[in-house]
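Trainee: Need a 3D model of the following:
(2 chains)
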Amino acid sequence: MSKWASAIWLNEVVCEILDYGGAVMVKCTEKNRIVLAALTLWLVWALAITGGCKKEDQPEAAQQKQDVVPQETEQISASEKVEVEKSGIAEKIDLRVLYVGLPDTERQKDFVDFLSQHFKQVDTADYNTFKEEQTQDCDVAIFDKDGLEWKALDINVSSQYSRATISMGVPGAFWVRKVSRRMGYM
Amino acid sequence: MDIKLERVNTPDSYLRTLPEGKTLGKTMQVWYVQKAKTRIKGVVCRVIKPEDSPEVETVMLGFAPGKSYEAAAICRHGNFLQWGHAAAPSEMTQAGRNLFVNCICYIHKFDGKRASL
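Mentor: Sure, this is the predicted structure:
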């Protein structure tokens, strides 16, 4: 049954029901027939429009889904790029690091090999003969010995020393208590 | 950083020394900075509270049973950063190595900012 046919059938059924109301209702049913016919036409028109709109919406929704997928892909690619950069593989960090430690030891080699993978310039200084002036051409100094000795690093710096410095391990903690009264071995 | 968290029992000393307003459960999560083979794995530091001295800060707490909860494995005062872990880079975990590199970059921000005594 088509939409038009079903609308006419519906109109006739409604009118028949109204006709059961009696004589008083007869005049009304004539008007009602017109009103119902108009309402039915409007209902069919509304249904047709709504159906048409749905059909038009579907391609837009599909297009939105397609738009979302590339955005997610781009975000993943961007985060992967950041991780690569963080790992130091993509580009070395533009800092000059001075490692002050015991020369010709496995520990010194370990530090220098690792630091060289991440920083543009890595130099070494002999822990035994180190002078504060040797930090003039670096951005960050690392003061180390063996990490474990229960004794402060034997490194002297002046009260004016302001180079960014990392002190390592147990000897570093004892040493830092000498140069900083606000932190030290607990 | 790719940090692998592990659950351990909360040391009694931590529960005894908890700052006011902080709570800890019976277990807590930790992650390893180094694969230490030695008995001594490093050291933690006492840090004066930042509110007492703005140029001092705890960068990372250390897990040291017997010591207080606020013991710092990594801390900073002015241009000095104390790294409490004893291991060389090859004995650090990957996350530990990443943290070490980050600490080098971080302390560089304080180059020239001499720690006042």
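
Trainee: Distance-wise, check A:Phe174 relative to A:Ser180.
Mentor: To A:Ser180, A:Phe174 is 12 Å away according to C-beta to C-beta, to the nearest Å. C-beta here means a position set from N, CA and C on the backbone, and glycine is covered the same way.

Trainee: Give me the more crowded residue out of these two.
Mentor: The residue with more neighbours, out of A:Phe174 and A:Ser180, is A:Ser180; 26 against 18, by other C-beta atoms under 10 Å in any protein chain shown.

Trainee: how about the strands in chain B?
Mentor: Here chain B has its strands, by DSSP state E, at B:6-9, B:27-30, B:45-47, B:56-61, B:72-77, B:80-83.

Trainee: which parts of the biggest helix by length in chain B are buried?
Mentor: Taking DSSP state H as the criterion, chain B has its longest helix at helix B:94-108. Under the neighbour-count criterion of 16 or more other C-beta atoms under 10 Å in any protein chain shown, helix B:94-108 has B:Ala95, B:Gly96, B:Arg97, B:Asn98, B:Leu99, B:Phe100, B:Val101, B:Cys103, B:Ile104, B:Tyr106, B:Ile107, B:His108 buried.

Trainee: tell me the SS of A:Lys120?
Mentor: Here A:Lys120 takes the strand state, with states given by DSSP: H, G, I helix; E, B strand; the rest coil.

Trainee: Just give me the neighbour total for the closest residue to A:Tyr185 other than its chain neighbours.
Mentor: Counting by C-beta to C-beta, 6 or more residues apart in numbering or on different chains, A:Ala173 is the residue found nearest to A:Tyr185 once chain neighbours are left out, at 4.4 Å. Counted with other C-beta under 10 Å, the neighbours of A:Ala173 add up to 27.

Trainee: Show me the contact partners of the helix or strand hosting A:Ala173.
Mentor: Secondary structure from DSSP states H and E places A:Ala173 in helix A:169-179. Under the contact criterion C-beta atoms under 8 Å, 6 or more residues apart in numbering or on different chains, helix A:169-179 has outside partners A:143-153, A:155, A:157, A:161, A:166-167, A:183-185, B:40, B:42-45, B:77, B:80, B:82-86, B:115.

Trainee: following that helix, which helix or strand comes up?
Mentor: Later in the chain than helix A:169-179, the nearest helix or strand by DSSP H and E is strand A:183-185.

Trainee: which other helices and strands contact that following strand?
Mentor: Judged by 3 or more C-beta pairs under 8 Å, 6 or more residues apart in numbering or on different chains; DSSP states H and E, strand A:183-185 is in contact with helix A:169-179, strand B:45-47, strand B:72-77.

Trainee: Tell me which of these approaches B:Arg7 most closely.
Mentor: B:Arg7 sits nearest to strand B:72-77 of all the helices and strands packed on strand A:183-185, at 18.7 Å, using C-beta to C-beta.

Trainee: Now that closest one: average pLDDT?
Mentor: Across strand B:72-77, pLDDT averages out at 94.
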